[in-house]
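**Q** Turn this into a structure:
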Amino acid sequence: MYILIMKLIIQIPCYNEEKTLPVTLSSIPKTIKGIDEIEILIINDGSIDKTIEVAKENNVHHIVSHTKNMGLARTFATGLKKCVELGADVIVNLDADNQYKACDIEKLVEPILNKEADIVIGARPIEKIQSFSPLKKMLQKTGSLVMRMISGADVDDAPSGFRAFSKEAALRINIFDNYTYTMETIIQAQYKGLLIKSVPIGVNEDLRPSRLVKSNFDYIKRSVFTMMRFIIIYRPFRFFIRLSFFLLFFGVLLGLRFLYFYVTSSNAAGHVQSLILCAILMIMGIQSMFFAVIADLLAINRKLIEDIQIKVKDKY
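**A** Okay, the predicted model is just below:
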């Protein structure tokens, strides 16, 4: 008789985490309801300290290393790929700095085991995190609100890196951004019809400052740029067609303005600038329409390539 075994792999991206990694590893539960096998994967992102030695001393099951520091997004993507290769049915991403309570892994895994979600995101109690300044709390909430508006996903804590993925989600997700994977995976999941769910989780006291967010201004700048980039990548037709209508609308308004003064004023030549700007906006609007069609065709082509990619990945 064939017995279905559910395998969970907890991936931990690491960059110089020799001090925090033992604490994180010790907090990981040994058993989880509905899971038969639990393995730990360390993704060493070019660490120059004793991260690998510490991982081996703590008997982690798998270690994969980058020869140089590639950043969090690349490290996360490497982890997903390796987890699929290792036969994971469920993958949990856990930060090495022990900021999340590892005992809540069971909360993340449960909706996937019950077929209620493909991706589960741990929602932190933002208001209760003492290390967050009032400004950072506001930015976190605003970012999640904007992400809900852009993606349509009901996500309470968009920047949270404490997440669980089904094998299907891991196969379908591709990471293009070099800065962070958190927002991209949400937009991409909605685009590909994957179910996302948020569950409340707990946090621990900070063992070290965040390396991803250098300052609030840097966080805002990178987040806005990242969101805009993902909108263009995953909603190209919608983006360019709306841009086209925007340009054409103001072009028509300026054209009507010129006609009004042409009919009612004896000095219509004084408003020829409106006519020139009208022509420029109309040309740009028409060009944006062509961009929308071309971008939509490219998006269809990318989807076909991704379907082939899924079959290649799933050979494991």
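**Q** tell me what the helix or strand bottoming out on mean pLDDT in the chain is packed against?
**A** Least confident element among the helices and strands of the chain, by mean pLDDT, DSSP states H and E: helix 216-234 (a mean of 74). On a contact count with 3 or more Cβ pairs under 8 Å, 6 or more residues apart in numbering; DSSP states H and E, helix 216-234 meets helix 134-151, helix 182-191. Yep, even glycine has a C-beta here, placed from its N, CA and C like the rest.
**Q** could you dump the ones you listed to JSON lines with mean neighbour count?
**A** Converted to JSON lines, the helices and strands packed on helix 216-234 look like this (neighbours: other Cβ atoms under 10 Å):
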{"stretch": "helix 134-151", "mean neighbour count": "16"}
{"stretch": "helix 182-191", "mean neighbour count": "23"}
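**Q** Now the weakest link among those, please, by mean pLDDT.
**A** Among the helices and strands packed on helix 216-234, helix 134-151 has the lowest mean pLDDT, at a mean of 79.
**Q** what does it contact?
**A** 126-127, 129, 132, 153-159, 183, 186-187, 190, 216, 219-220, 223, 227, 230-231 (Cβ atoms under 8 Å, 6 or more residues apart in numbering).
**Q** and the angle from that helix to helix 182-191?
**A** Angle between the axes of helix 134-151 and helix 182-191 is 20 degrees (criterion: axes from the mean of the first three to the mean of the last three Cα atoms, to 10 degrees).
**Q** Would you give the sheet partners of the first helix or strand past helix 134-151 going along the chain, along with the direction of each?
**A** Sequence order places strand 163-166 as the next helix or strand after helix 134-151, per DSSP states H and E. Here strand 163-166 is paired, per DSSP bridges, with strand 90-93 (antiparallel), strand 119-123 (antiparallel).
**Q** what angle do the helix or strand that comes right after the least confident helix or strand of the chain and helix 216-234 make?
**A** Per DSSP H and E, the first helix or strand lying C-terminal to helix 216-234 is helix 236-264. Counting by the same axes, to 10 degrees, helix 236-264 lies at 90 degrees to helix 216-234.
**Q** List the buried residues of helix 236-264.
**A** For helix 236-264, a neighbour-count test (16 or more other Cβ atoms under 10 Å) marks 236-237, 239-241, 243-244, 247-248, 251, 254-255, 258, 261 as buried.
**Q** and if you look at stretch 15-34?
**A** Y15, N16, E17, E18, T20, L21, T24, L25, I28, I32.
**Q** same thing with stretch 186-206?
**A** For stretch 186-206, by 16+ other Cβ under 10 Å, it's 186-192, 194-199, 201, 203.
**Q** next one: the longest helix along the chain to chain centre, how far?
**A** If you go by DSSP state H, the chain has its longest helix at helix 272-313. Centre-to-centre, helix 272-313 and its host chain are 23 Å apart (Cα atoms, centre = their mean, to the nearest Å).
**Q** same question, stretch 223-232
**A** Using Cα atoms, centre = their mean, the offset of stretch 223-232 from its chain centre is 11 Å.
**Q** quick one: which of the buried residues of stretch 15-34 is nearest to T78?
**A** Among those, Y15 lies closest to T78 (Cβ to Cβ), at 12.4 Å.
**Q** OK, contacts around the closest residue to the closest one other than its chain neighbours?
**A** Sequence neighbours aside, D45 is the residue nearest to Y15 in space, at 4.4 Å (criterion: Cβ to Cβ, 6 or more residues apart in numbering). The contact partners of D45, taken as Cβ under 8 Å, 6+ apart, are P13, C14, Y15, H66, N69, M70, G71, L72, R74, T75.
**Q** about what we covered before: if we take the buried residues of stretch 186-206, which one ends up nearest to E53?
**A** V203 (27.7 Å).
**Q** Show me the beta-bridge partners of V92.
**A** Going by DSSP bridges, V92 forms beta bridges with I10, A164.
**Q** picking that back up, got the phi and psi for the residue nearest to Y15?
**A** Backbone geometry at D45, expressed as degrees, to the nearest 10, gives phi -90, psi 60.
**Q** Please tell me how far the nearest residue to K7 once chain neighbours are set aside sits from P125.
**A** Distances taken as Cβ to Cβ, 6+ apart place E37 nearest to K7, at 4.4 Å, with adjacent residues excluded. Distance, E37 to P125, using Cβ to Cβ, to the nearest Å: 31 Å.
**Q** any low-confidence regions in this structure?
**A** Residues of the chain that meet the criterion pLDDT under 70 lie in 1-4, 208-216, 218-219, 266-270, 307, 311, 313-316.
**Q** circling back to that earlier point, now list the buried members of the contacts of D45.
**A** The buried subset of those (16+ other Cβ under 10 Å) comprises P13, C14, Y15, H66, M70, G71, L72, R74, T75.
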